[in-house]
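Visitor: sequence below, structure please.
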Amino acid sequence: MRILVVGAGGVGGYFGGRLLQAGRDVTFLVRPPRAAALAEHGLVIRSPRGDVHFAAPPLVTADALSGAFDLVLLSCKAYDLDDAIESFAPVVGPETAILPLLNGMRHLDVLDARFGAAHVLGGRCLISATIDPDGAIRQFGEIHAITFGERDGSRSERAEAIARELNGAVFDGRLSETIVQDMWDKWVFIAAAAGLTCLMRAPVGDIVAAGGTGLATALLDECAAIATARGFAPSEAFLQQSRAMLTALGSVLTASMLRDLERGGRTEVEHLLGDMLRRKTVAGTFSLLQTAYVHVSAYEIRRAREAAP
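Guide: All right, here's what the predicted structure looks like:
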């Protein structure tokens with residue numbers, strides 16, 4: 001199976017690297033600056049699950065891309081989605097499956113509109129990873145997993161074939177018959193965590209110590225209510241686990257959105273918080289989620305204004 005991994009950052013570089021380590025036919029689609037860095041230093045993964053170094057990983061830039069791929073593993077940031085689509089669109093053939101690993105749900109609408117829903121699987125990943133100053137990918141913790149499946153819940157031949165490709169790699173790969181629910185569950189947690197830690201500009205444990213337990217649970221409940229109204233109610237077990245994580249005293253958990261904000265970078269606020277708000281079915285008073293959305297959006301507006309000539 002020919003696999004095109006779009007991006008070689010913390011997500012694409014990690015999972016693509018692990019597939020390469022397992023002997024799969026992987027090619028990384030990267031921008032010229034990342035291609036130059038990888039050509040010079042190689043693809044390096046530092047992980048509790050074992051380090052790996054590929055001195056000459058298989059790379060391609062959009063101008064040199066050709067031939068249909070069997071699987072496109074899409075790992076870009078949400079704000080890069082349109083550019084990423086333009087870069088890999090020429091190699092989407094009649095049988096190509098697209099497996100996106102973005103958070104939220106809006107990207108499914110965009111991909112469906114461009115390629116047709118039949119090409120687009122559901123997917124989510126669970127990992128904490130970043131790029132070190134030297135360009136290496138550093139994974140934190142023990143969790144590194146991809147869950148995917150057909151959005152109608154079927155176990156198709158192509159889904160089974162992809163599962164076989166993922167099996168045997170170092171990370172955990174799982175074919176799910178409830179992938180859309182899985183994606184909504186992750187979105188509910190990520191949106192609540194992002195809203196909470198960005199609004200308070202602090203890790204979970206510090207917020208709890210300051211008396212913010214109610215804020216954390218209220219944000220989670222608001223996101224869960226939106227999912228429920230859309231037909232994807234989180235299970236009570238999921239909500240209990242999420243509440244525990246968002247109210248743990250001493251926890252250093254922060255959302256990646258806060259880390260982006262603190263370094264002055266671009267955030268996925270529209271994809272994670274804005275789109276969640278737009279899927280709200282009942283209008284009401286100004287909510288905590290809306291407050292968090294305005295808070296991060298104001299940062300983005302100021303960032304753009306100050307960067308303007």
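Visitor: residue 69 contacts residue 6, doesn't it?
Guide: No. The criterion here is C-beta atoms under 8 Å, and residue 69 misses it with residue 6 at 10.1 Å. Any C-beta I mention is one placed from the backbone N, CA and C, and that applies to glycine too.
Visitor: isn't residue 56 up against residue 40?
Guide: No. If you go by C-beta under 8 Å, residue 56 and residue 40 don't touch, sitting 10.6 Å apart.
Visitor: quick one: residue 105 from residue 296, how far?
Guide: 19 Å (C-beta to C-beta, to the nearest Å).
Visitor: what about those two, which has more around it?
Guide: residue 296 (24 against 19; other C-beta atoms under 10 Å).
Visitor: now do the contacts for that one.
Guide: 194, 198, 257, 261, 267, 269, 273 (C-beta atoms under 8 Å, 6 or more residues apart in numbering).
Visitor: and if we set it to 6 Å?
Guide: Shown in contact with residue 296 (C-beta atoms under 6 Å, 6 or more residues apart in numbering): 198, 267, 269.
Visitor: tell me the buried residues in whichever strand or helix holds it?
Guide: Assigned by DSSP states H and E, residue 296 belongs to helix 288-307. By 16 or more other C-beta atoms under 10 Å, the buried positions in helix 288-307 come out as 288, 289, 290, 292, 293, 295, 296, 299.
Visitor: contact partners for the last one?
Guide: Right, residue 299. Contacts of residue 299 (C-beta under 6 Å, 6+ apart): none.
Visitor: now do the same for it: its pLDDT.
Guide: Looking at residue 299, its pLDDT reads 98.
Visitor: ok, it to residue 192 distance?
Guide: Distance from residue 299 to residue 192, by C-beta to C-beta: 19 Å.
Visitor: please apply the same query to the fourth one.
Guide: Counting by C-beta to C-beta, the gap between residue 292 and residue 192 amounts to 9 Å.
Visitor: output the helix holding residue 296 as CSV, nothing but the C-alphas.
Guide: Taking C-alpha atoms only, helix 288-307 is exported to CSV below (Å, rounded to 0.1, in the frame of the first residue of the first chain):
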residue,chain,number,x,y,z
LEU,A,288,-18.3,30.2,28.8
LEU,A,289,-17.4,28.6,25.5
GLN,A,290,-18.2,31.8,23.7
THR,A,291,-16.1,33.7,26.2
ALA,A,292,-13.1,31.4,25.6
TYR,A,293,-13.7,31.8,21.8
VAL,A,294,-13.7,35.6,22.0
HIS,A,295,-10.6,35.5,24.2
VAL,A,296,-8.5,33.5,21.7
SER,A,297,-10.0,35.2,18.7
ALA,A,298,-9.0,38.6,20.1
TYR,A,299,-5.5,37.3,20.4
GLU,A,300,-5.6,36.2,16.8
ILE,A,301,-6.9,39.6,15.6
ARG,A,302,-4.2,41.5,17.6
ARG,A,303,-1.5,39.1,16.3
ALA,A,304,-2.5,39.8,12.7
ARG,A,305,-2.8,43.5,13.3
GLU,A,306,0.7,43.8,14.9
ALA,A,307,2.2,41.7,12.1
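Visitor: give me the distance from it to the chain's centre.
Guide: 21 Å (C-alpha atoms, centre = their mean, to the nearest Å).
Visitor: neighbours around residue 44, how many?
Guide: Residues near residue 44, counting by other C-beta under 10 Å, number 20.
Visitor: cool, residue 30 as well?
Guide: Residue 30 has 25 nearby residues by other C-beta under 10 Å.
Visitor: I'd say it and residue 5 touch.
Guide: No. Here residue 30 does not reach residue 5: they are 9.0 Å apart, not a contact under C-beta atoms under 6 Å.
Visitor: wasn't residue 96 part of a strand?
Guide: Yes. Using DSSP: H, G, I helix; E, B strand; the rest coil, the secondary structure at residue 96 is a strand.
Visitor: residue 143: what secondary structure?
Guide: Recorded secondary structure, residue 143: strand (three-state DSSP).
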